[in-house]
Each structure stands twice: as structure tokens, then as C-alpha cells.
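**Student:** using only what follows, build the 3D model:
(3 chains)
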Amino acid sequence: MRSLIDVLDLTVNEIDELIEVANDIIANPDKYSEKCKGKKLATLFYEPSTRTRLSFTAAMMELGGNVLGFSEASSSSAMKGESVADTAKMLSCYADIIAMRSPKEGAPFVAAKAATIPVINAGDGGHCHPTQTLGDLLTIKREVGRLNNLTVGFCGDLKYGRTVHSFINALSRYENIKIVLISPEELKLPNYVKYEVLDKNNMEYRETTSLEEAIPTLDVLYMTRIQQERFVDIDEYNRLKDSYILTLDKLANAKKSLAIMHPLPRVNEISVKVDEDERACYFKQALYGKYMRMALILKLLKEAEDKKKEERFSLDDVVINQYICTNPRCITSTEQELDHIFRCVDKEHNIFRCIYCEKRAN
Amino acid sequence: MRSLIDVLDLTVNEIDELIEVANDIIANPDKYSEKCKGKKLATLFYEPSTRTRLSFTAAMMELGGNVLGFSEASSSSAMKGESVADTAKMLSCYADIIAMRSPKEGAPFVAAKAATIPVINAGDGGHCHPTQTLGDLLTIKREVGRLNNLTVGFCGDLKYGRTVHSFINALSRYENIKIVLISPEELKLPNYVKYEVLDKNNMEYRETTSLEEAIPTLDVLYMTRIQQERFVDIDEYNRLKDSYILTLDKLANAKKSLAIMHPLPRVNEISVKVDEDERACYFKQALYGKYMRMALILKLLKEAEDKKKEERFSLDDVVINQYICTNPRCITSTEQELDHIFRCVDKEHNIFRCIYCEKRAN
Amino acid sequence: MRSLIDVLDLTVNEIDELIEVANDIIANPDKYSEKCKGKKLATLFYEPSTRTRLSFTAAMMELGGNVLGFSEASSSSAMKGESVADTAKMLSCYADIIAMRSPKEGAPFVAAKAATIPVINAGDGGHCHPTQTLGDLLTIKREVGRLNNLTVGFCGDLKYGRTVHSFINALSRYENIKIVLISPEELKLPNYVKYEVLDKNNMEYRETTSLEEAIPTLDVLYMTRIQQERFVDIDEYNRLKDSYILTLDKLANAKKSLAIMHPLPRVNEISVKVDEDERACYFKQALYGKYMRMALILKLLKEAEDKKKEERFSLDDVVINQYICTNPRCITSTEQELDHIFRCVDKEHNIFRCIYCEKRAN
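**Tutor:** Residues are numbered from 1 along each chain as shown, chains lettered A, B, ... in the order given. A predicted model of the protein is given here:
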């Protein structure tokens, strides 16, 4: 493994090791302050994402490394006309590792195939955001004390929120995880996630529209934002929105050990008054994300040095240019001379998915 | 003191100490080149201000530290929807000190209350710009030799220029300062500044519309730009503008020891030919600003380390949510769940001012 | 010599020395990793050019130095109203060396005259781009083994491509260089370049419209992009474009030792399938550009330290404010109080050219 595109690219053991390193960094920061001396991280942000970019930047700096790149719509327009693969090859001349954010799903995967240095997916459209998930896992491990035997509630927009889908996927590999899905009807978890993740892994889950009802059972409450744009009917939005805002009142019957999480930025879905509650973990979560990024950078640079470049882009079970990906946000819609490749992910039902964006062939 | 919002947050003694450190940095730069090794400055620029940002960046780099942040309208839009307080809390995970520029008056104050690291106001709308003033004070100290017994002329836009108001405020604490206010009628110093700063501190001052007449008496001439937009009558602007442009001619009767200052950027208010005159100090002023920022960063990081966090946000003489701030540029107009707090600044006349933007209650 | 505006500012000997240093950096990178410790490069990019900026940034970082500056249209708008000369003076307070990109031709020259630190032209409109040329020369030296006795083909847009004009100029100083100009009629090399460079230096050259026909004779093939916008007649563009796309087919009769170059970004003028051919040098070219920038930064900083500031802005053969430059992209069209200066470049024919943008007086 040389790059990280999807959190599932990492085994549970590898994640355990990253958590161990992150804990060691927290305990002994000085030990790591020169680990990346003379190394450079390139932050290629084709869309702005200030939080993620600054987290990667701080991570590299705390390892003693340098950071270069671009961060803006206007800069990325400077790359217009250049394929993602060419940009990745060029950046391989200027840096030792890449963190890439793109609105195009599969773009970091294409970059990883072309680059001669490791690529970290820092978010590709609605597809994956693995370093967010890694930070979330460290948060639970440190704040709740375990990653097994948990009841985890997800509240808010479960339909479009990529953080939620990734995170459920990552949790599916731990034991005895119960999921509580808290959302209005309009924003329920999509059926394909239920089928492909929850059902396939025999995860226990239930759905509810009531945050208050769900809270007392939870070890972790993962809040997300409900965006007005998602509603056809504004009246419906206005009627509902307050019931999904976390207030001190709603926490009255919560466990003392509850961990309240949020990927940030928060708008108003958690009252500022909750910040002082010791169960509020969302700013710690931002901090832990940095430490997991540090651990990940160290791991990938180490593997690159050891020349352990396994061919992670297995071409088993794929068909080339037989299906065409119809997802307009998929990198295949813009990248030059790029084959459309689909992989059979379910032989029984004959389901093929695009290897870049995971859109199902039809 | 942990943060710097207004130059008046610093005592005259503290400013003297900063000047002393800045002079030592100028004399012995190598002594300071690793002082901030492993430390990070976050430059949060919600509006572009390239000069100020580069000055802070150079300052931190010359102390051996790292710099991260954002600098652009497009980046700051990435922060849209996130409160200033949340951004400050998040950044406290990624940096050791913040320099913040915002069009919202009081935003750095809100950030300072939320952050767990020191915040430096790098300009908040028309409100304060304390590090500009600190550099200006060092310039006079080094170029004229003293901060007492000075005749200081301010020329140009005295109505809207925040640099001028801050600087007069800072000078009010030194002895025997005479102020000469040189401007067209349209751009005279506002009455409230005269009353609250000049009169209250018994400072001697006079007003004139003639730059030429004023020059021979001055130890310091502080030039500012006159913007056409400020005039209702374009003809009036055209008639006046040349008389406020500093040329070699107008310097004929000036003192040999005069220090000509300008906050930059200059457009045409000082002829390029004046640059070669040894009394021209405006580029040195940019240099001195960097050294005062270095001294300030050192001071605030030292105090943060010593855990000397005094509660500088005194709640004496304040009223909460009794008045509502009506300044559309005040941070209270946008920040979520933020109390409107006013402080009584003049008991005799019962004057209350917003603690964020200093707008008077009405 | 303190600044680098045009590649011809460097003697052939100096270029040889830069190539030698670059080769030594490639062989012994650790030897150079602290050479610029404590030094700062300012990247002043008034228009986005991500590749060039990241190359300079990586170069300075690999020398152990720091980088600050701006990179965006939005940042450069923050400089609006400030003259290039003032910006250069201000930056001299914050950095040790400047790399400047501007759409205004001659802007780096104006900056170099005002700055007290070395300025490197990182591209000024359609005028010069010397560090691109330096990297190109290193590429040929390393990949073909020599800079004399070469047949060099230029293919594509030879009319507007500044890379091509600079490069031909640089090659004119080596021995026995044969030039093959491959382009559609619409995009032929301008006559003045033929006259002032090729003819004046007695360089052998021929023109052809056929890439396929030219390839077998070449030691170097320099590809450039043909932009649709350059054609009045779209049908003509569509008819022609494929014949200037380099494919594996067209390489069938090429020499085994051919070096295929391209300044990047490529759009579709070289098939991705050519990338795997060992004659493809365009990504190496990006890498070599970085090493030549490192060598150049070292040279200019060394000279600045040695105070060897020769007056490179010779005022021989010039006339001041006698002609007015009519090039709307020339820095004289915007810079305040800037004299229009023309130099006699051909006494026989009485040709005068603007010293900023080289536009001919008329």
C-alpha cells in the first residue's frame, strides 16, 4: 500500500497501528518533531476546504516537514486543461507526498496511479474522506475507550452526508456495533448503504426520527448538519429543524460517558452552550484528526522509502470500457484518455461499480 | 494579557519593552533565529491585506517558526457558515498564535475570547490596527530619537483613516505631543476623536488646510491617501488633491530631522522623487513593523507559556443585551449566539460603547 | 549581475556553471539541504502559474529556505494601486530574493531596479521566461549529452509561444545548431525573430508544415500547444490539429536518442501513450527546471552577499521619453512616474526598442 483513497484500503490492524502511533505522538511530541525534516507535503486542493488543508499542513509542520501547494478555486483554474494524472506526475518532482481534495470523484485514485509518490485522498466529492474517518476513530478510542461494543447514533442528514457513510463503513469492521439512525424522513440513510454495509455485515441498526428518544441509549452521538437546500418544502424544513438541534435540554437523559461528535463546521445544529459540557468532543475531534494525519503521513512515507509498492490497483474482476460511467462528478467525465473500468462487487446479483467513483453500472 | 486587540491594551511600559526587544533583534538577528522553532503562526485573513500578512509571515519565519493559514476572499468563503469563535477554537488545535484580519469590527476580540492561544488583531474593519501603530512608534523612536516632545502632523484623510485615529490614541500617552491636523474640510478629524482623545488627554492641537504652511513646524509628517470616492463633488476633489501631494518643493522649509511617514500603499500622495530624500521613512516603517511584530509574537507566546492568562475581558461597568449594536460591520451582526455587551466609558455623560466595535449606544 | 530578467543576461559560461551546480545538486542533494537556511524567497505571482510557483517553492525548500508571497489574482488585486517599484521595495524588507510573475511586460525589470534584493523573472507576459529556458538547457545537456551540434525541432504554435522564442535565443549562442520550424501557416515563427535571432546569428533553419516528415532528422523535438483561439477559421483548426499531435505512430522513424520536450501543461498535443516511451522527457524537464532554479537562487544570493552589484542597467545608447511605448501590456502603461526609455539595438537600421518590453519604437 502506497496511497490512501478509501479508509477500507487500511486493514483493522493497520488502523490500530495508526492509533497507536497517534497516541505516542500525543504523549511524546518532541520525539516526532524532526521525523519529516527535508520532506515536502503537496496540498492539492481543487476546491477550498480550509479545515482539512490546515489540519494536513499543521500535521506536516509538526513532523518538521514543509508544505507547498494550492488551496483555491483560482489556483486550481490554473491547472485547467491539465489532466489530474499529469498534475500528479509533475508534483512528484516537487514533493514527497500529496494530499488531494477534488470535487471529482475518483480524482485522487487517478492521481495515485500516475504519481510516483504516495497520495492521500483529502475528500473527493461525495465519495470518500478517509482521514476524517481516521480522526473520528481515534476520538472514540480516546474518549470512550474502545472501538467495540458501542451504540453509535448518527443524527441529521444521513442521505447526503459522506462522513456518515464512510464512518459506518469503517465501524462495520468492529465487533458488536449498534447503529441508531436519527433523521427526518427526507434525509434517511440510502437503501444501498443499508444493504451493502449494514445488512452485509450483519450490523444491528434501527431508524428513528426522534433525537430525544434516541439519546439515552448512545455511547457516541455523531451530529451532522441539515441543509435547507435539501428540502423541497421549506415549511417542512422549518417545522423539523429545531428537533435536530442538540441543546443542553436534550442531553438531560444522556449517558455520562457519551461522546458528542461533529465533523465541523457547525452552523447551529449544536447549541454553543453544549461546548462547555465535558461530553462535547467536536473540537478534540479536530485535534485528533491532526494526529492521525501525522501517523498516516509517517506510515506512507516509510512504505514509500521501503519501496514496498504493492500493486494495490488490482485488476481482478474488472471489465474495461464495457460500461460507461454516467456519474457527471466522476473523474472519467473529464480526464483525458482514461479507460472506464468497472469491478464486479457482487457476483450473485451481478453488480458492477465504477472503480473511480463506485457508481453502479446500469 | 494574552491577546492584542487594541494598542491601548498595552501599557506604555510594555510598549517600551517591545521597542527594546525590537532594537535588540535589529542588532542581533541571529540570537532570535530559532526562538520560535517548532511554533506555528496562523494567519487568518478574511480579507486580503498582502502587506500586513507578509510582514507577519516574515516576522514568524525570522524567529524560526512556521506559518499556515488563509489569505484570500475565496478561502475565507470556505469558512462561511462557521462562527469566528468556532474557527478560533479549531485553529487553536493547529497553531500556537493567531494573527487575524477581518472586515468585521470586533471579530479578533471574539476570536480571542474563544481561542486557547493568543490572538493578534491584524486589522478589524475601521476599528483597530495595533501592529501598524507599534511599527509607527518604533519608526519615530529610531528615526527621530524620542517619543516625547514631538510635533506630529497628520495629512490627508483624517476622517476615515483608522491608522490616524489609532496613532493619535497611542501618542496621547506620551508627554508634550503637539498635533497638527492637515486636511480639506471634507476630511477633518471627527469631533468624537477630538473630544475623547485630544481634549480628554489635554493634547495641544491645531487644524489647517495647508500642508505647505504646516511643514516647517513638524518633527513627524504622517501622510495618508485622499480617496476620490470620499468626495461628493468631483470638481472639489480635483481642485484640492494636488495640495495634499508631498513633493520635494513642499519640503523646502522642512526641518532637517523631519521623519516622513506613510502606512503604505502609496498611490500618488508622495512623489517618487521624495523617496531619495533621507527624511523619507516609509519603507523603513514597513521594515520596523516587521521587527515590532517579532517582538510582539515573542511576548505573547512567552506569556501564554507562563500561563499568565489574566482575564483581560473585564466585565466591569458592562450591561448585557440591554443595548443592541447597530453597526452593520460589527461582529454582533453575524456571529451566532453572541451577547450584545456595552461598557460605560464615560459615567458623567452616561456614554456606553459596544465592547466589540466601540460604537456608541443610542 | 544581481537579478535575472532575460536568459541572455547570463553568459554561456555562467549557464555552464549553473548546469554544473545543478548536476552536483542532483548527485549530492544533502550537501545543499541547508544552504539557504534562514533565507526567504518571495514569490510575487500577479497571475496564477501554479507549476512555476511550485517549482520555485520546492527549489527554495530543498535548499532549506523559507517561502512567502502571493499566488492569486485575488491577492494581487490587494496590490492594486501600488506601483511595482513600491511593492519591490516593500518586499525587500521581508525577503532575501524575489521570483516575480506578471502579465505586464517589463514588470520584473522595474522591480529589479527598485528592489535591494535580487529579482528573478518568473515570466512577464509574452516577453521572457528565463528559468523555463534554463531548465530546458539542462534537460538537453543531460538527456542528449551536449548543447552543441544539435538538430532541434519546434512544433506547434511558433507565433505566440514565448517559450520557443526564448529558447531559440538561448540556443543561438551554441555551435552548429540546426533549427526545424514545424507549424501550420497561421502559426509560423514571426519574421522579426527569424531576422533578429536566426539570421543575425547565422543559424541554419528550415520551415515545414509536416511533423512526420521532420521527425527522423531531430535530436530534440520541442512540442507546444496549438490553441483553437488562435485560428480565425475553426474548420481550418479542426482540419489541422491532429497532424500536430505526437503519437507513437509518428515516432516510428525517430532517432533512438531523440529527446521529446514540452513546457507543460500538455492538453492533447502529446498522446498519453508516448509517456511510457523512454524518449519522453517532459516530466524530467519539470524536475530539471527545479534544479536549475536551485542553482540560480544560490548564485544570485551569493552575488548579493558579495555585494557585487554591478550596474547591469546600462544606460548606453538609450533615449529617455523621446519615444512612447505603445504596447498596452508594457509596464510603462501602468507604473507611476516611470520614464519611457528606448535603446538602439541596431544602429545600421536605426531600430530602437523599449528597454522594458522590447517593443520596437515606431
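**Student:** can you list the residues of the stretch 251-362 of chain A near chain B?
**Tutor:** A:264-268, A:271-273, A:275, A:283, A:286-287, A:290 (Cβ under 8 Å from any Cβ of the partner chain). In short, each C-beta sits where N, CA and C put it, glycine included.
**Student:** hmm, I was thinking of the stretch 101-250 of chain A
**Tutor:** So the stretch 101-250 of chain A never meets chain B (Cβ under 8 Å from any Cβ).
**Student:** per-residue confidence for the residue of the stretch 51-200 of chain A found nearest chain B?
**Tutor:** Going by Cβ to the nearest Cβ, chain B is nearest to residue A:58 of the stretch 51-200 of chain A, at 3.8 Å. Looking at residue A:58, its pLDDT reads 98.
**Student:** tell me the spacing between it and chain C.
**Tutor:** Look at residue A:58 and chain C: by Cβ to the nearest Cβ, to the nearest Å, they are 17 Å apart.
**Student:** what's the neighbour count on that residue?
**Tutor:** By the criterion of other Cβ atoms under 10 Å in any protein chain shown, residue A:58 has 24 neighbours.
**Student:** go on, residue A:185?
**Tutor:** Residue A:185: 9 surrounding residues under other Cβ under 10 Å.
**Student:** against residue A:159, how distant is the closest residue to it other than its chain neighbours?
**Tutor:** Among residues not flanking residue A:185 along the chain, residue A:209 sits closest, at 6.9 Å (Cβ to Cβ, 6 or more residues apart in numbering or on different chains). Here residue A:209 is placed at a distance of 14 Å from residue A:159 (Cβ to Cβ, to the nearest Å).
**Student:** state the phi and psi torsions of the most centrally placed residue in chain A.
**Tutor:** Geometric centre of chain A, nearest residue: residue A:129, 2.4 Å, by Cα atoms, centre = their mean. Main-chain torsions, residue A:129, degrees, to the nearest 10: phi -150, psi 70.
**Student:** now the stretch 51-200 of chain A, which segments are flagged as low pLDDT?
**Tutor:** By pLDDT under 70, the low-scoring segments of the stretch 51-200 of chain A are A:73-80.
**Student:** please, where are all the helices along it?
**Tutor:** Taking DSSP state H, counting those that start in this stretch as the test, the helices found in the stretch 51-200 of chain A are A:73-77, A:84-91, A:107-114, A:130-143, A:162-171, A:191-193.
**Student:** check contacts around whichever residue of the stretch 251-362 of chain A sits closest to chain B.
**Tutor:** The nearest approach of the stretch 251-362 of chain A to chain B comes at residue A:265, 3.6 Å away (Cβ to the nearest Cβ). Taking Cβ atoms under 8 Å, 6 or more residues apart in numbering or on different chains as the contact definition, residue A:265 lies against A:51, B:79, B:81-82, B:86.
**Student:** considering these, which possesses the most neighbours?
**Tutor:** Ranked by the number of neighbours (other Cβ under 10 Å), these place residue B:86 first, at 25 neighbours.
**Student:** from memory it sits against residue A:266, does it?
**Tutor:** Yes. Counting by Cβ atoms under 8 Å, residue B:86 does reach residue A:266; the two are 6.2 Å apart.
**Student:** in stretch A:126-133, what counts as buried?
**Tutor:** A:127-133 (16 or more other Cβ atoms under 10 Å in any protein chain shown).
**Student:** quick check: end-to-end length of that stretch?
**Tutor:** End-to-end distance for stretch A:126-133: 14 Å, by Cα to Cα, to the nearest Å.
**Student:** can you tell me what sits against it?
**Tutor:** A:4-7, A:9-10, A:52, A:55-56, A:105-106, A:120-123, A:160, A:162-163, A:166-167, A:169-170, A:263, A:289, A:292-293, A:296, A:329, A:357-358.
**Student:** can you rerun that using 7 Å?
**Tutor:** Contact with stretch A:126-133 is made by A:4-7, A:105-106, A:120-123, A:160, A:162-163, A:166-167, A:170, A:263, A:289, A:292-293, A:296, A:357-358, as judged by Cβ atoms under 7 Å, 6 or more residues apart in numbering or on different chains.
**Student:** in strands only, show me those.
**Tutor:** Judged by DSSP state E, these include A:120-123 as members of strands.
**Student:** quick one, longest helix in chain A?
**Tutor:** helix A:282-305 (DSSP state H).
**Student:** that one - contacts with which helices or strands?
**Tutor:** Applying 3 or more Cβ pairs under 7 Å, 6 or more residues apart in numbering or on different chains; DSSP states H and E, one finds that helix A:282-305 contacts helix A:12-27, helix A:50-62, strand A:97-102, helix A:130-143, strand A:259-261, helix B:84-91.
**Student:** so for the fifth one, what's the average pLDDT?
**Tutor:** Throughout strand A:259-261, pLDDT has a mean value of 98.
**Student:** quick one: list the elements packing against that strand.
**Tutor:** Counting contacts by 3+ Cβ pairs under 7 Å, 6+ apart, strand A:259-261 is packed against helix A:130-143, strand A:220-223, helix A:282-305.
**Student:** just say which of these is most tucked in.
**Tutor:** Among those, strand A:220-223 has the highest mean neighbour count (mean count of other Cβ atoms under 10 Å in any protein chain shown), at a mean of 26.
**Student:** any idea which helix or strand comes after that strand?
**Tutor:** Next helix or strand after strand A:220-223 toward the C-terminus (DSSP states H and E): helix A:234-241.
**Student:** so what touches that next one?
**Tutor:** Everything outside helix A:234-241 that qualifies as a contact, by Cβ under 7 Å, 6+ apart, is A:184, A:226, A:228, A:231.
**Student:** dump it to PDB, restricted to CA.
**Tutor:** Provided in PDB are the C-alpha atoms of helix A:234-241 (Å, rounded to 0.1, in the frame of the first residue of the first chain):
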ATOM      1  CA  ILE A 234     -39.400  25.000   3.200                       C
ATOM      2  CA  ASP A 235     -42.300  24.700   5.600                       C
ATOM      3  CA  GLU A 236     -41.300  21.100   6.300                       C
ATOM      4  CA  TYR A 237     -37.700  22.300   6.900                       C
ATOM      5  CA  ASN A 238     -38.800  24.900   9.300                       C
ATOM      6  CA  ARG A 239     -41.100  22.600  11.200                       C
ATOM      7  CA  LEU A 240     -38.300  20.000  11.600                       C
ATOM      8  CA  LYS A 241     -35.100  21.800  12.000                       C
END
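**Student:** return the distance of it from the chain's centre.
**Tutor:** Computed by Cα atoms, centre = their mean, to the nearest Å, the chain-centroid distance of helix A:234-241 equals 29 Å.
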